[in-house]
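Enquirer: Any chance you could fold what I've pasted below:
(2 chains)
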Amino acid sequence: MNGDFLALLPRPVHVPSGVSRDRHAVDLEATTVFAFHCADGVMVAGDHRATAGNVVFSDRTEKILELDAHSLLAIAGSPAVAFEMARTLQTTFEFYRRSQLQSMSLAAKMRALSRLLRDNLPGTLQGFGLVAPVFAGVEPATGQPAIFFYDPMGAQFEAAAFAGSGSGSGSIKSVLHFLEQWGPKPASLSLGPAVSLANRLLMTAAEFDTATGGVDPGRGEFATIKLLHAGGIRTITAEEQTQFWKETKP
Amino acid sequence: MTDEPYRWLEAVANRREYIRDQLKGATPVFAFSRPEGVLLCGVGTGQSKVFEVYDRQGLAALGHPVDIEKVRQTLIEAAHLEGFTRAPEDVNVRRLLSFSLSPALKTSFEQIFAAPLIVESILAEVGATQAEDNLARISYDGSFRLETRGVLVAHTVSEDETAATDWLRRELRPEHSLAQVAHLALGAWGSLANGKPFAPPAAATTADGPIAVADRVVELALLQRRSPRRAAYLPVDPASLS
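Expert: Residues are numbered from 1 along each chain as shown, chains lettered A, B, ... in the order given. Below is the predicted model of the structure:
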């Protein structure tokens, strides 16, 4: 009755063991997800593409997952492990909230994710189960949203302005760094311009990374974008993104 | 002692008597299937009687607070394990009762050398339509019945419970607001809580006015039929309905 859902499970759920890496195995690791502070909270976005080597596996993948009413996980890495981690965290947070009659603190949520990443160490070391997510959550006491990024072994770091993960995130982080240094700072952008910036960033990443895709405003294909703020999570629909895209057209 | 059937039966009968005696003074809880969802209602002195169990399930219970807590934890653990192992859609009242809570209550009741669980409860589940709502009345010995007529009362005296349930069914109208439903529930609560045989409240109980009971805490929760989130449970501030 300590609110730990994982204690109810008969064995750790994320530990592949006794498997050596097949050098011909196909990786499913490429993706692009990121988060940055904007005027209305934290914007978390991701593309829709999942790849297997040089094969486009899917262009309709949802990588920004709501863990509960006040936290988001942007997954990058092995989809099988990442989706299972997200599902485990969703259940863990809700189980704690219902059984303990209070929400889990932001620090405890971050550590829960760290624990899953650490439990996944064998998969990470064997090279086929690597997960490097971006986590965004609201601290209940202050109502302030925050961004955290992780290394594959579970170390967590808070991002002052932005964080990104996946094969296309290098380009995006470069642009966000440029904007942070020479403006306009993303943190000053209202919702519409921030949403359009997120789509432009993903289109920029797609120029240099074949594993990033599924975003093409000209064809009505937009990113998955969610806004995290003190009141909770708002999903920016494709219709809203279309409107913002038109309004912010240069 | 228990190797003698007669003495075992006597011991079980004594337990029933003990539990009923312990439950004296506890006040009823209610569940109503409404167009907006399932409304749960309880009145207490600070200890909660209405709880969230899972995405579409809620619990209303009366009895010893520690035993209510055991029942609540049993349900929450079973529901989350089922939802995680299979899918949230696979969690339902019938399976939670048949394979988890009911056997646990029965075992507890029949282990005559251990203290029994002193709890009477209602487990409710909101469906896509009112016809798909599930309400279940669970007794301290693990027996339960599923209710399809939209109103359930859990009380310590079965005759009064039946009378109050029948009265509520007669009084409730499909067009009643949640506030009017809550007023009716509090009317029935007042009649049941006085310790006398149930008598329909004299005053018009669906009148406007504060949803409150002097020196008590009124707890309301709605399992929303249309919820923006997966979790349908919404605690309702009685003042917001008044």
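
Enquirer: Would you point out which residue is most central in chain A?
Expert: Centrality entry for chain A: nearest residue to the mean C-alpha point is A:Ala74, 1.0 Å, by CA atoms, centre = their mean.

Enquirer: quick one: the strands in the chain?
Expert: All of this is about chain A. Listed from the start of the chain, chain A has strands (DSSP state E) covering A:33-38, A:41-46, A:50-52, A:55-58, A:64-68, A:71-74, A:134-138, A:145-150, A:156-159, A:162-165, A:224-229, A:232-236.

Enquirer: Actually, chain B is the one I wanted.
Expert: If you assign secondary structure with DSSP E, the strands in chain B sit at B:29-34, B:37-44, B:50-52, B:57-63, B:119-125, B:134-138, B:144-147, B:151-154, B:217-224, B:233-236.

Enquirer: Export the ones you listed as JSON lines, with columns for mean pLDDT and mean neighbour count.
Expert: All C-beta spots, glycine's among them, are computed from the backbone N, C-alpha and C. Compiled in JSON lines, the strands of chain B are given as follows (pLDDT from 0 to 100; neighbours: other CB atoms under 10 Å in any protein chain shown):
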{"stretch": "strand B:29-34", "mean pLDDT": "98", "mean neighbour count": "27"}
{"stretch": "strand B:37-44", "mean pLDDT": "96", "mean neighbour count": "26"}
{"stretch": "strand B:50-52", "mean pLDDT": "98", "mean neighbour count": "25"}
{"stretch": "strand B:57-63", "mean pLDDT": "97", "mean neighbour count": "26"}
{"stretch": "strand B:119-125", "mean pLDDT": "98", "mean neighbour count": "26"}
{"stretch": "strand B:134-138", "mean pLDDT": "98", "mean neighbour count": "22"}
{"stretch": "strand B:144-147", "mean pLDDT": "95", "mean neighbour count": "16"}
{"stretch": "strand B:151-154", "mean pLDDT": "97", "mean neighbour count": "25"}
{"stretch": "strand B:217-224", "mean pLDDT": "96", "mean neighbour count": "22"}
{"stretch": "strand B:233-236", "mean pLDDT": "96", "mean neighbour count": "18"}
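
Enquirer: For those, give me CSV that also has distance to chain A.
Expert: Listed next are the strands of chain B as CSV, based on distance: least, CB to the nearest CB, whole Å:
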stretch, distance to chain A
strand B:29-34, 17
strand B:37-44, 14
strand B:50-52, 5
strand B:57-63, 10
strand B:119-125, 14
strand B:134-138, 19
strand B:144-147, 21
strand B:151-154, 21
strand B:217-224, 12
strand B:233-236, 9
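
Enquirer: can you put those strands in TSV and add distance to A:Glu239?
Expert: As requested, the strands of chain B are arranged in TSV below (distance: least, CB to CB, whole Å):
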stretch	distance to A:Glu239
strand B:29-34	32
strand B:37-44	28
strand B:50-52	33
strand B:57-63	34
strand B:119-125	34
strand B:134-138	36
strand B:144-147	42
strand B:151-154	42
strand B:217-224	25
strand B:233-236	27
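
Enquirer: between those, which gets nearest to A:Ala107?
Expert: In terms of CB to CB, the element of the strands of chain B nearest to A:Ala107 is strand B:50-52, at 23.6 Å.

Enquirer: Just the pLDDT at the residue nearest to the centre of chain A, thanks.
Expert: Per-residue confidence for A:Ala74 comes out at a pLDDT of 96.

Enquirer: Same check on A:Ser105?
Expert: According to the model, A:Ser105 carries a pLDDT of 93.

Enquirer: contacting residues around A:Asp4?
Expert: Residues touching A:Asp4, when contacts are defined by CB atoms under 8 Å, 6 or more residues apart in numbering or on different chains, comprise A:Thr92, A:Tyr96.

Enquirer: A:Phe148 now?
Expert: Applying CB under 8 Å, 6+ apart, one finds that A:Phe148 lies in contact with A:Met110, A:Val134, A:Phe135, A:Ala136, A:Gly137, A:Gln156, A:Phe157, A:Glu158, A:Ala159, A:Ala163.

Enquirer: From those residues, list the ones also adjacent to chain B.
Expert: Intersecting the contacts of A:Phe148 with the contacts of chain B gives an empty set (criterion: CB under 8 Å from any CB of the partner chain).

Enquirer: Between those, which sits nearest A:Glu221?
Expert: A:Val134 (22.0 Å).

Enquirer: could you measure that closest one against A:Thr88, distance?
Expert: 17 Å (CB to CB, to the nearest Å).

Enquirer: same deal with A:Gly143?
Expert: Relative to A:Thr88, A:Gly143 is positioned 26 Å away (CB to CB).

Enquirer: out of those two, which sits in the more crowded spot?
Expert: The residue with more neighbours, out of A:Gly143 and A:Thr88 and counting by other CB atoms under 10 Å in any protein chain shown, is A:Thr88; that gives 22 against 12.

Enquirer: Can you give me the pLDDT of that one?
Expert: According to the predicted model, the pLDDT of A:Thr88 comes to 96.

Enquirer: Surely it touches A:Arg115?
Expert: No. With contact taken as CB atoms under 8 Å, A:Thr88 and A:Arg115 are classed as non-touching, separated by 9.8 Å.

Enquirer: which residues are common contacts for the two?
Expert: Taking CB under 8 Å, 6+ apart as the contact rule, the neighbours common to A:Thr88 and A:Arg115 are A:Leu6.

Enquirer: got the contact list for the residue most central in space within chain B?
Expert: Central residue check for chain B by CA atoms, centre = their mean: the C-alpha nearest the mean position is that of B:Ile122, 2.6 Å away. The neighbourhood of B:Ile122, defined by CB under 8 Å, 6+ apart, consists of B:29-31, B:40, B:59-61, B:135-138, B:152, B:154.

Enquirer: Beta-bridge partners for it, please?
Expert: Counting by DSSP bridges, B:Ile122 forms beta bridges with B:Ala60, B:Arg137.
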